[in-house]
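Asker: pasting the sequence and the predicted model now:
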Amino acid sequence: MDVITSYAASGARLGAGMLVHAHARAPEKLLELYEFEACPFCRKTREAFCALDLDVLVKPCPKNGTRFRPGKKQFPYLEDPNTGAAMYESMDIARYLAKTYGDGSLPISLQLGPLATLSSSVASAFRAGHGARAKASRAPEKPLELWSFEGSPFCRLAREALCELEIPYVLHNVAKGSRAREAFVARSGRMMVPYLVDDNTHEEMFESADIVKYLNDTYGARD
């Protein structure tokens, strides 16, 4: 059922987050994004990162979260250590990314105004609260890494688990057309996502179900 509803969520966005729209210039320092998976506005921001082929350090802020949410009243929220810029509003962030690191253009899926927001909200509804609320967890010493692309229903399951456990992670976007795919295949051995790397435990793995189980077993609260 998780996979079926995740497919439905991807379908609601009509393929958004599947393809690279324009290859952006990689910033010297990772941008930092405060967001949570179930938020429709956060989804649009992640789609922008994916469309521009940009990596980002995600600091999950699910409801009731205590690790990154305190002090933040609105999501998504972007901090760019390269320029000192900081901002809310999904479309302001998307336009900033396109102008600062890309050619200024965004895919049509992000230019549809209220229609884009409505379809993103429908996508969240299909997942019925997954990736919305925090679970008790312990923080890793170092952020994890996830190779993913926004439109993949399997990657969504892995991101939801990371979000609910408030685990910070570097999101490596490898949508179709990504320049990072060749290096990813050289590292992992095949073009398959999601792919998780945890330098805290030296674990690496494919398969969303295995990743979700690993995250909960390793970082979930213990009795």
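Answerer: Happy to help now that I have it. Numbering: from 1, shown residues only.
Asker: contacts, neighbours, all on C-alpha from now
Answerer: Fine.
Asker: what is whichever strand or helix holds residue 8 packed up against?
Answerer: Assigned by DSSP states H and E, residue 8 belongs to helix 2-12. Packing contacts for helix 2-12, counted by 3 or more C-alpha pairs under 8 Å, 6 or more residues apart in numbering; DSSP states H and E, involve helix 114-126, helix 153-164.
Asker: ok, residue 187 - how many residues close by?
Answerer: 10 (other C-alpha atoms under 10 Å).
Asker: using PDB, write out the CA atom coordinates for the helix or strand that contains it.
Answerer: Assessed by DSSP H and E, residue 187 sits inside helix 181-188. C-alpha atoms of helix 181-188 as PDB (Å, rounded to 0.1, in the frame of the first residue of the first chain):
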ATOM      1  CA  ARG A 181      24.600   9.800 -12.800                       C
ATOM      2  CA  GLU A 182      28.000   8.600 -14.200                       C
ATOM      3  CA  ALA A 183      29.800   9.200 -10.900                       C
ATOM      4  CA  PHE A 184      26.900   7.600  -9.000                       C
ATOM      5  CA  VAL A 185      27.000   4.400 -11.100                       C
ATOM      6  CA  ALA A 186      30.800   4.300 -10.700                       C
ATOM      7  CA  ARG A 187      30.400   4.500  -6.900                       C
ATOM      8  CA  SER A 188      27.300   2.200  -6.400                       C
END
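Asker: go ahead and flag the most central residue of this protein.
Answerer: Note on the chain: the residue nearest the mean C-alpha position is residue 46, at 5.4 Å, using C-alpha atoms, centre = their mean.
Asker: wait, what's in contact with that one?
Answerer: 17, 150 (C-alpha atoms under 8 Å, 6 or more residues apart in numbering).
Asker: ok, residue 121 touching residue 43?
Answerer: No - contact criterion C-alpha atoms under 8 Å: residue 121 and residue 43 do not qualify, at 9.1 Å.
Asker: of those two, who's got more company?
Answerer: Neighbour totals were compared for residue 121 and residue 43, and residue 43 leads with 26 against 19 (other C-alpha under 10 Å).
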